[in-house]
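# no sequence on this one, just coordinates:
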């Protein structure tokens with residue numbers, strides 16, 4: 001039986017009465033017109049939609065006589081390409097090559113063929129609705145031959161209007177085969193798994209908008225979603241479009257959900273990723289958009305900032321409160337109040353006199369400084385070199401010649417706005433190559449004055465204050481043309497497209513192609529990010545540095561991290577923090593974090609205490625708040641809360657070697673650093689909706705308290721055969737499933753998965769110091785008495801250490817014959833690293849002795865806890881990076897990093913590349929009768 005659904009015409013249209021509805025060619029349902037039940041009264045007729053015919057490798061689709069806006073593309077090409085066995089791309093374009101439409105100019109990787117082998121794991125089908133419109137369907141192929149029973153992942157066939165392709169209104173309506181869908185943004189979602197019954201349509205359009213917990217469109221653009229099917233398999237879909245867009249997920253039936261997606265420009269360019277595990281979906285997605293940035297080691301330390309220190313004295317007071325209370329700290333940040341009247345490339349010579357010397361002192365003690373840069377440039381300050389040099393190279397975003405509403409004021413095409421800094425500003429066009437050179441030169445020149453280490457770029461949606469509002473002076477955009485007032489207004493905030501930003505008819509160029517801001521507005525932050533990383537890397541030749549950007553787009557994670565914006569010191573935002581971590585790991589930006597303790601509003605002690613505990617597990621860990629509020633640095637509170645904050649940050653520093661190794665894995669192989677329970681346990685339906693606990697990698701489960709006045713935590717531990725251990729004590733958790741654990745105010749519940757080996761390190765007051773301390777291994781045994789893990793180690797700061805073969809990679813294993821093996825899979829970085837101690841959780845019996853197997857086997861200090869079955873091996877003092885050893889060493893395959901494998905036999909540890917070395921520790925058991 002073929003089903004069809006009516007498409008409602010609501011948000012973005014004038015259909016409030018029968019005349020307006022029928023004037024558009026739609027159907028008015030008078031039987032429900034006066035109802036208050038919320039039933040839709042205006043429908044697209046079922047004859048709407050393209051009718052298909054096949055022509056060679058492409059599919060042609062011809063629209064009928066009905067049109068919502070009278071600008072339908074008359075004939076479409078649907079080009080199908082595959083890349084590998086798990087990725088399919090469906091590109092729908094105007095068949096008339098004379099009508100070339102805008103396509104996203106962001107580089108991606110796609111090695112395509114136009115053939116579709118039966119060996120592919122995804123299969124495309126062209127279908128028709130019962131009204132003869134085009135239907136598009138993608139199946140998961142489960143066998144060597146096609147079958148009608150293969151799961152349907154994407155299907156527009158139920159809907160006469162499942163595909164609409166108007167000049168400024170493109171729509172897809174599709175089903176997908178479960179109720180478990182995650183992703184799309186950037187928005188504030190109340191849950192990680194989308195609610196299919198709330199009827200909320202979310203907009204995607206970069207906007208300077210503080211998160212409110214509604215359907216507001218925020219700073220970035222990420223039209224990517226992942227679905228976990230009812231059998232636990234997963235797939236992902238990217239709609240590669242940079243125009244303003246909106247989406248709604250809703251219920252289709254008991255086993256299927258529905259996506260309604262609309263955009264107002266460009267083409268429909270869809271990528272499908274077969275998985276079948278969630279982690280494989282993200283790895284496949286990142287094969288297209290690029291694998292994540294590798295942050296410097298110090299970038300994983302604690303970072304301190306606020307907008308509104310307002311003086312170096314106050315900044316140093318917060319910094320001193322932190323370190324004098326023994327709270328580790330790596331990075332101090334400066335916001336726009338450090339600038340001279342908020343102008344880029346300056347600092348306030350009065351309130352921040354001595355700032356360069358303070359930064360030099362930070363460097364002397366192993367710490368770093370990060371500065372902010374906003375994109376807008378003051379056009380009025382006399383002899384301001386940033387503007388003067390930019391004007392010489394003509395780098396600003398422009399008005400069209402014949403539509404320049406500011407020409408009588410400026411005499412040129414520069415579009416002026418009003419944002420930070422005060423006064424009339426211009427906006428650099430970061431697509432234009434001379435702009436990138438100007439930006440780099442400005443940053444490098446400024447660095448000669450202020451020796452900062454990394455760059456924070458803000459307000460890059462781009463933001464403009466009070467556009468179109470009547471006041472003394474402001475930017476006003478034409479409201480009688482198709483760009484600021486398009487036929488369809490997506491579900492974005494603001495009555496016109498230019499609200500809180502610049503005019504949509506503004507022009508930008510890459511030197512060859514001219515773009516309207518209407519098309520590339522959502523790419524402004526991405527283009528600035530690329531230019532900023534180039535500049536940051538030029539500051540100190542060979543140093544990695546980092547960029548953190550507010551506005552992002554697919555592939556931004558290759559160049560930068562992100563913070564979740566101007567949140568508030570309210571308890572719901574603690575959960576939003578978790579959801580942001582999970583979503584941006586799907587989006588390929590794992591260097592992600594929130595403003596810990598809240599940016600807006602005054603925090604409270606309990607809120608900040610709990611948020612610092614969660615913050616310790618934000619990959620990007622920064623405490624930050626706004627101007628005019630109370631101080632919230634971690635050392636400012638009562639002694640008990642300061643002690644709790646210290647405990648949380650020390651916990652973070654202990655785990656940085658594990659976190660750094662996770663970043664290495666995703667940088668080289670793709671994937672996620674922070675992941676949901678559903679991501680790791682997609683076969684367990686109890687995990688599909690969990691979003692108040694999460695994982696680092698697959699080994700460490702974090703269960704923060706996120707509600708006020710709670711000292712117990714409800715969580716879920718997937719049951720046997722998985723073993724779980726209390727991180728702190730090593731006690732095995734015998735009760736699994738839904739459990740409740742104690743969580744006093746100074747405590748965050750953590751659990752280690754059996755089968756894991758987690759590298760840790762003794763903390764210090766910054767990572768420059770902690771990196772000099774011994775490392776430890778936490779070994780949590782699985783049901784087979786085995787475990788494994790790894791450690792990536794380099795200098796923590798140089799560029800491309802993996803590519804340049806300047807790193808070490810150690811694999812750890814614990815086998816069922818009670819042997820710990822440390823294998824140097826790659827050994828290039830010639831700096832000693834000492835193993836100090838080992839803890840083993842979950843041993844089946846008490847060992848009587850631990851031997852370090854060298855020419856003269858040596859017994860090692862050990863302590864056994866019979867209550868928790870934890871073995872602690874201390875005072876090992878084993879150098880695991882030395883090139884000459886007194887240990888009994890066996891040699892395995894030499895692994896090089898050029899993609900080849902060589903097997904050799906050697907008699908001594910070599911300092912040449914990639915020698916695989918094994919250090920063996922053997923436990924001798926004495927099994928006693930109880």
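The structure has been received and is ready for your questions. Predicted, not measured: the structure shown is a model, and the values here were computed from it.
# Just the helices from the chain, written as ranges.
According to DSSP state H, the chain carries its helices in the segments 18-23, 278-289, 312-324, 355-364, 385-392, 407-410, 433-447, 517-520, 524-539, 572-586, 605-615, 639-669, 677-680, 767-770.
# so where is the stretch 251-400 of the chain shaky, pLDDT-wise?
Within the stretch 251-400 of the chain, not a single segment meets pLDDT under 70.
# which non-adjacent residue is nearest residue 389?
Leaving aside its sequence neighbours, residue 389 sits nearest to residue 438 (Cβ to Cβ, 6 or more residues apart in numbering; 6.0 Å). (Glycine included, C-beta is placed from N, CA and C.)
# what's near enough to touch that neighbour?
The contact partners of residue 438, taken as Cβ atoms under 8 Å, 6 or more residues apart in numbering, are 389-390, 393, 395, 428.
# separation between residue 79 and residue 172?
16 Å (Cβ to Cβ, to the nearest Å).
# out of these two, which sits in the more crowded spot?
residue 172 (24 against 15; other Cβ atoms under 10 Å).
# So in terms of bridging, what pairs with the more buried one?
Beta-bridge partners recorded for residue 172 (DSSP bridges): residue 163, residue 261.
# ok, which stretches of the stretch 451-600 of the chain are strands?
454-457, 507-509, 514-516, 547-549, 561-563, 592-593, 595-596 (DSSP state E, counting those that start in this stretch).
# what's the most buried one of these?
strand 595-596 (a mean of 30; mean count of other Cβ atoms under 10 Å).
# average pLDDT for it?
For strand 595-596, the mean pLDDT works out to 98.
# Now do it: everything it contacts.
563-567, 608, 611-612, 614-615, 618, 621-625.
# longest strand in this protein, by residue count?
strand 217-228 (DSSP state E).
# From the contact counts, what lies against it?
strand 180-187, strand 202-204, strand 234-239, strand 245-251, strand 257-263, helix 278-289, helix 572-586 (3 or more Cβ pairs under 8 Å, 6 or more residues apart in numbering; DSSP states H and E).
# Now do the same contact list for residue 519.
So residue 519 contacts 102, 242-243, 265-266 (Cβ under 8 Å, 6+ apart).
# now it: how far from residue 453?
For residue 519, the distance to residue 453 - Cβ to Cβ - is 35 Å.
# correct me, but residue 306 touches residue 319?
No - using Cβ atoms under 8 Å, residue 306 makes no contact with residue 319, being 11.0 Å away.
# what's the first-to-last distance across stretch 515-534?
This stretch, stretch 515-534, spans 23 Å end to end (Cα to Cα, to the nearest Å).
# Would you mark the buried spots in that stretch?
515-534 (16 or more other Cβ atoms under 10 Å).
# next one: stretch 874-881
Buried residues in stretch 874-881 (16+ other Cβ under 10 Å): 876, 878-881.
# closest to residue 415 among those?
Taking Cβ to Cβ as the measure, residue 415 sits nearest to residue 881 out of the buried residues of stretch 874-881, at 55.7 Å.
# Which residue is the nearest non-sequential neighbour of residue 190?
Closest to residue 190 by Cβ to Cβ, 6+ apart is residue 213, at 6.8 Å.
# roughly how far apart are residue 74 and residue 95?
8 Å.
# What is the burial count for residue 581?
28.
# who's in contact with the nearest residue in space to it that is not next to it in sequence?
Using Cβ to Cβ, 6+ apart and skipping residues adjacent in sequence, the residue nearest residue 581 is residue 674, 4.6 Å away. For residue 674, the contact set (Cβ under 8 Å, 6+ apart) comprises 581-582, 585, 590, 592, 617, 619, 694-696.
# Would you mind giving the residues you listed as CSV with pLDDT and distance to residue 734 added?
Below are the contacts of residue 674 laid out as CSV (pLDDT from 0 to 100; distance: Cβ to Cβ, whole Å):
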residue, pLDDT, distance to residue 734
581, 98, 30
582, 99, 29
585, 98, 31
590, 98, 33
592, 99, 35
617, 99, 25
619, 99, 32
694, 99, 23
695, 99, 21
696, 99, 24
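# Which two among the residues you listed are spaced furthest apart?
592 and 695 (14.6 Å).
# And stretch 563-576, how far out from the chain middle?
16 Å (Cα atoms, centre = their mean, to the nearest Å).
# which residues touch it?
For stretch 563-576, with Cβ under 8 Å, 6+ apart as the criterion, the contacting residues are 188, 210-211, 213, 218-219, 548, 550, 577, 580, 584, 592-595, 597-604, 607-608, 610-611, 614, 620, 622, 624-626, 632, 691-692, 704, 706-708.
# got it, and stretch 720-739?
686, 700-701, 714-719, 750-755, 778, 780-783, 839, 841-842, 865, 867-870.
# looking at it, residue 168 is touching residue 266, isn't it?
No - using Cβ under 8 Å, residue 168 makes no contact with residue 266, being 10.0 Å away.
# Looking at those two, which is more packed in?
Counting neighbours by other Cβ under 10 Å for residue 168 and for residue 266 shows that residue 266 has the greater number, 21 against 18.
# that older thread, from the contacts of residue 674, which is closest to residue 805?
residue 590 (23.9 Å).
# Skipping adjacent residues, who's closest to the closest one in space?
Nearest non-adjacent residue to residue 590 (Cβ to Cβ, 6+ apart): residue 673, at 3.9 Å.
# count of neighbours near that neighbour?
22.
# In contact with it: list those residues for me.
292, 585, 590, 619, 659, 662-663, 666, 696-697.
# change it to 6 Å
Contacts for residue 673 (Cβ atoms under 6 Å, 6 or more residues apart in numbering) come out as 590, 619, 662, 666.
# Next one: it from residue 554, what distance?
Counting by Cβ to Cβ - residue 673 and residue 554 are separated by 18 Å.
# Apart from its chain neighbours, what residue comes closest to residue 283?
Per Cβ to Cβ, 6+ apart, closest to residue 283 is residue 670, 3.8 Å.
# Quick check: that neighbour vs residue 682, distance?
As defined by Cβ to Cβ, residue 670 lies at a distance of 17 Å from residue 682.
# Kindly report the same for residue 198.
In terms of Cβ to Cβ, residue 198 sits 24 Å off from residue 682.
# Just want to know which of the two has more residues nearby.
Neighbour count, other Cβ under 10 Å: between residue 198 and residue 682, residue 682 has more, with 25 against 12.
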